[in-house]
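Peer 1: Sequence first, predicted model second:
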Amino acid sequence: METSLRPHPAPVNRLARLRSSAYRKAMTDAPNPYSLDEQIGYVLRRVTQRHLAIFAARIPEVTTTQFAVLARLAEVGPLSQNHLGRATAMDAATIKGVVDRLVRLGFAATAADPEDRRRLTVTLTDSGAALFTARTATALDVSAETLAPLTPAEQAQLLALLARLT
């Protein structure tokens with residue numbers, strides 16, 4: 001069987017299609033309309049991407065997850081790696097990678113727990129404590145910049161609503 005090579009049609013401009021009133025009407029009239037821009041996961045991911053970009057520009061020494069570990073250790077002191085993962089909302093594989101990187105950077109140290117050699121205890125080093133102390137005000141500014149498009153009342157409401165979802 002012979003196949004003919006036909007040129008591919010020009011790519012459809014998806015943004016133009018999304019903005020098209022006929023497309024929006026068709027989606028609205030569908031039994032279960034689905035608009036990506038209205039999905040919580042998509043919106044949260046976009047907000048997270050914006051926050052991560054602001055954070056990286058202002059605090060280049062560590063990532064947001066690494067800073068969260070520094071913050072929790074500064075707040076409560078040494079923790080087992082497992083407990084630290086739970087206290088920072090990270091799974092076992094993620095916390096291990098974050099702690100390993102912080103150790104390589106010299107911001108954290110690990111040691112076997114003397115009572116249970118299978119347990120690894122994570123502590124802040126002097127460098128880690130100094131970085132956290134030096135960057136705390138900047139981290140607060142990052143949060144403020146992330147929330148800046150909202151009024152103070154909207155900021156409080158958003159944080160309260162998000163807390164209810166966790």
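Peer 2: That came in fine, so what should we check first? Only a predicted model underlies this, so the values are computations on that prediction, with no experimental measurement involved. Numbering: from 1, shown residues only.
Peer 1: Now name the helix or strand holding the residue most central in space within the chain.
Peer 2: Closest residue to the average C-alpha location of the chain: residue 48 at 5.3 Å, with CA atoms, centre = their mean. Per DSSP states H and E, residue 48 falls inside helix 40-58.
Peer 1: Let me see the contact set for the closest residue to residue 87 other than its chain neighbours.
Peer 2: Nearest in space to residue 87, with sequence neighbours left out and distances taken as CB to CB, 6 or more residues apart in numbering, is residue 72 at 5.1 Å. In short, each C-beta sits where N, CA and C put it, glycine included. Counting by CB atoms under 8 Å, 6 or more residues apart in numbering, residue 72 makes contact with 79, 84, 87, 88.
Peer 1: For the closest residue to the last one other than its chain neighbours, identify the helix or strand it belongs to.
Peer 2: By the measure of CB to CB, 6+ apart, the closest residue to residue 88 outside its immediate chain neighbours is residue 68, 4.9 Å from it. In this structure, residue 68 sits in helix 64-76 according to DSSP H and E.
Peer 1: For that helix, C-alpha coordinates in CSV please.
Peer 2: Extracted in CSV, the C-alpha atoms of helix 64-76 (Å, rounded to 0.1, in the frame of the first residue of the first chain):
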residue,chain,number,x,y,z
THR,A,64,13.4,25.9,49.5
THR,A,65,13.4,22.3,50.8
GLN,A,66,16.9,22.6,52.2
PHE,A,67,15.9,25.9,53.9
ALA,A,68,12.9,24.2,55.4
VAL,A,69,15.2,21.6,57.0
LEU,A,70,17.4,24.3,58.3
ALA,A,71,14.4,26.1,59.7
ARG,A,72,13.0,23.0,61.4
LEU,A,73,16.4,22.1,62.9
ALA,A,74,16.9,25.6,64.1
GLU,A,75,13.4,25.5,65.7
VAL,A,76,13.5,22.2,67.5
